[in-house]
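> structure for this input, please:
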Amino acid sequence: MLRSVLTVGAWTMASRVLGFARDILIASRLGAGPVADAFFVALKLPNLFRRLFGEGAFNSAFVPAFAGALVKDGRAAAQDLAERMGTLLGLWLGLLTVVGLIFMPQVIGALAPGFVANPDKFALAVDLTRITFGYLPLICLTALVSGVLNALDRFAAAAAAPVFFNLLLMSALVGLSPYVATPGHALAWGVLASGFVQLGLVWWAARRAGMALGFRKPALTPPVVAVLRRMVPGVLGAGVTQINLAVDVIIASLLPSGAVSYLYYADRVAQLPLGVVGAALGTALLPLLSRQLRSGQRLSAHRSLNRGVELALLLALPAAAGLAAAAGPIIGALFQRGAFGEAAAAASAAALVAYAFGLPAFVLVKVFAPGFFARGDTATPVKVGLFTVALNLGLNLLFMGPLGHVGVALATACAAWVNAGLLAWLLARRGHYVPDRRARRAVPRMLLAAAAMGLVVAALAWALPAVGDSVGRALSAALLVGAGGAAFLGIAMALRAFDPREVARMLRRRKRAAGTTPPA
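Numbering: from 1, shown residues only. Here you go, the predicted structure:
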């Protein structure tokens, strides 16, 4: 599992670094004004559907079925399932895209009701979303082919595809802006172009892996029906975080101009550890647990889930503590330049503190959800998801008055903790997850090490002199990140929260395996 996590994590880290470069460029050109708000709403909608119908509900139902067909019936049966599901998904998403293009004003009125009071901003959001909505079928088909690659233990191409999303958006913003109405239009066309490139990349990788997928006449065969039955309830269960973030956009659109952008920039910083750790663990765990359970290796599956939780907290806890303690310097170093001023940086930093509080929970949800999906259970996460969506909405309405956009972020963080807690409790109640002796010893020590690291970073941030130029802010942030990482590593090793020799052994095993395994 470590090899797969590192492969996905390395490519995801590259994508996140480029994503920060993209967001720095967007912040400097658009700031936190109406064009930025409109573009971020236009980007949110296809991303929401991608997580629901692509990476979320579909993959949670499709990957275990594909892996099972591969083990029991062979590659031909697995390819038949993938092609039939791809055809059905393409037809459904094509219809959804056409309907969305026609009724986009009504869609934006529901997603960003606060924009209605500003006709120019509303019209711009409708225009940009009509462009980006074509990205939806392309990226969902990319998710399907990525699921095939993951089930074949080929993780690199699928994890590398988002790199092209960032490269194309930056290229479009720089090269296309002089020729279109606004920089937001340039970014929207970049989003659409990236969908074609990402789909082409993963299809090529699947072809190299001996699974050249094509379209096949739709037929409701028993494996297809089984996937669809599991997928329908999973739309909410797997995508609950995205639904909560959509609720955030709805509430933020009712707040003063700039709130949508503040939350976007803060969420982007919080998404770095969430994407690298959470996505990597979730991607690697689902096919692993599916194979172990289908092979009757229940003890191995239990051990894999424990190690997933342990690894998630080892990485997420210090990330959360560091982001909360150094939110101001980090946001300032990344985005405070050009059209993005000091006030916008302070507002985004306040939201980042709230998101950091929920970061470990976001990652744990990614770890616990495969424990249900690998067993073919998508109904339970739906029930938990519906409850947490309602909770998030209620907390948003409660917090938005006194806390503004920070209350929106805090509501999402609180709902994430409830989501993770309920998933863990239900797995434990069914005997699918019981913290073993190693986890019970390590996790409290990780908590203590992360808390101590947060105090070190906060004290250092307070002691550092204020700087006004971008280079000084970058150096201050780098110092805080480096000092925080060193502090956590030293304290965690002193407390024996993890064994570095074991990590080294796992890395050596990964290196030996890489020398005998075909490249992913």
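> can we go C-alpha only for contacts and neighbour counts from here?
OK.
> so what's the residue count around Arg303?
Using other Cα atoms under 10 Å as the criterion, Arg303 is surrounded by 14 other residues.
> let me see the contact set for it.
Neighbour list for Arg303: empty [criterion: Cα atoms under 8 Å, 6 or more residues apart in numbering].
> can you tell me how far it is from Ala316?
Taking Cα to Cα, to the nearest Å as the criterion, Arg303 is separated from Ala316 by 20 Å.
> which outside residues touch the helix or strand where Asn166 lies?
Secondary structure assigned from DSSP states H and E places Asn166 in helix 156-175. For helix 156-175, contacts defined as Cα under 8 Å, 6+ apart pick out 7-8, 11-12, 14-15, 18-19, 22, 25-26, 146, 149-150, 183, 186-187, 189-191, 193-195, 197-198, 201-202, 205, 520.
> of those, buried ones?
With neighbours counted by 16 or more other Cα atoms under 10 Å, those contain buried members at 7-8, 11-12, 14-15, 18-19, 22, 25-26, 146, 149-150, 183, 186-187, 189-191, 193-195, 197-198, 201-202, 205, 520.
> ramachandran angles for the residue in the chain sticking out farthest from the centre?
Most distant from the centre of the chain: Pro465, at 34.5 Å, with distances by Cα atoms, centre = their mean. In this entry, Pro465 is assigned phi and psi values of phi -70, psi 150 (degrees, to the nearest 10).
> ok, which stretches of the stretch 51-200 of the chain are helices?
Ranges of helices in the stretch 51-200 of the chain, per DSSP state H, counting those that start in this stretch, are 57-72, 75-102, 104-111, 119-132, 135-151, 156-175, 183-208.
> which one of those lies nearest to Gly490?
The closest approach between Gly490 and any of the helices of the stretch 51-200 of the chain, judged by Cα to Cα, belongs to helix 156-175 at 31.0 Å.
> compute the inter-axis angle for the closest one and helix 183-208.
Helix 156-175 and helix 183-208 meet at an angle of 150 degrees, taking axes from the mean of the first three to the mean of the last three Cα atoms, to 10 degrees as the criterion.
> please save the CA atoms from helix 156-175 in PDB.
Output in PDB follows, covering the C-alpha atoms of helix 156-175 (Å, rounded to 0.1, in the frame of the first residue of the first chain):
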ATOM      1  CA  ALA A 156       0.900   7.200 -12.100                       C
ATOM      2  CA  ALA A 157      -1.000   8.400 -15.200                       C
ATOM      3  CA  ALA A 158      -4.300   9.000 -13.300                       C
ATOM      4  CA  ALA A 159      -2.500  10.900 -10.600                       C
ATOM      5  CA  ALA A 160      -0.500  12.900 -13.200                       C
ATOM      6  CA  ALA A 161      -3.500  14.000 -15.200                       C
ATOM      7  CA  PRO A 162      -4.400  17.000 -13.000                       C
ATOM      8  CA  VAL A 163      -1.000  18.500 -13.700                       C
ATOM      9  CA  PHE A 164      -2.200  19.300 -17.200                       C
ATOM     10  CA  PHE A 165      -5.300  21.000 -15.800                       C
ATOM     11  CA  ASN A 166      -3.000  23.500 -14.000                       C
ATOM     12  CA  LEU A 167      -0.700  24.000 -16.900                       C
ATOM     13  CA  LEU A 168      -3.500  24.700 -19.300                       C
ATOM     14  CA  LEU A 169      -5.200  27.200 -17.000                       C
ATOM     15  CA  MET A 170      -2.000  29.100 -16.500                       C
ATOM     16  CA  SER A 171      -1.300  29.100 -20.200                       C
ATOM     17  CA  ALA A 172      -4.800  30.300 -21.000                       C
ATOM     18  CA  LEU A 173      -4.700  33.100 -18.500                       C
ATOM     19  CA  VAL A 174      -1.500  34.400 -19.800                       C
ATOM     20  CA  GLY A 175      -1.900  33.800 -23.500                       C
END
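> buried ones in it?
Judged by neighbour count (16+ other Cα under 10 Å), helix 156-175 contains these buried residues: 156-170, 172-174.
> on that earlier part again, centre of the chain to the helix holding Asn166, how far?
Taking Cα atoms, centre = their mean, to the nearest Å, one finds helix 156-175 lying 16 Å from the centre of the chain it belongs to.
> now swap in stretch 93-102 and tell me
The chain centroid and the centroid of stretch 93-102 are separated by 24 Å under Cα atoms, centre = their mean.
> which element follows the helix or strand harbouring Ile331 toward the C-terminus?
In the assignment (DSSP H and E), Ile331 maps to helix 327-335. Helices and strands here follow DSSP H and E; after helix 327-335, the next one along the chain is helix 342-373.
> next secondary structure after that following helix?
Once helix 342-373 ends, the next helix or strand along the chain (criterion: DSSP H and E) is helix 379-403.
> avg pLDDT for the helix or strand following that next one?
Counting by DSSP H and E, the next helix or strand C-terminal to helix 379-403 is helix 405-429. Across helix 405-429, the average pLDDT comes to 92.
> could you do stretch 144-158 as well?
Mean pLDDT, computed over stretch 144-158, is 79.
> which ones are touching the closest residue to Phe122 other than its chain neighbours?
Closest residue in space to Phe122, ignoring its immediate chain neighbours: Phe115 at 5.1 Å, by Cα to Cα, 6 or more residues apart in numbering. When contacts are counted by Cα under 8 Å, 6+ apart, Phe115 is found next to 109, 121-122, 253-254.
> go again using 10 Å as the cut-off
Phe115 is in contact with 34, 37-38, 108-109, 121-125, 250, 253-255, 257, counting by Cα atoms under 10 Å, 6 or more residues apart in numbering.
> so, low pLDDT: which residues of the stretch 51-200 of the chain?
Within the stretch 51-200 of the chain, the stretches falling below the threshold (pLDDT under 70) are 51-60.
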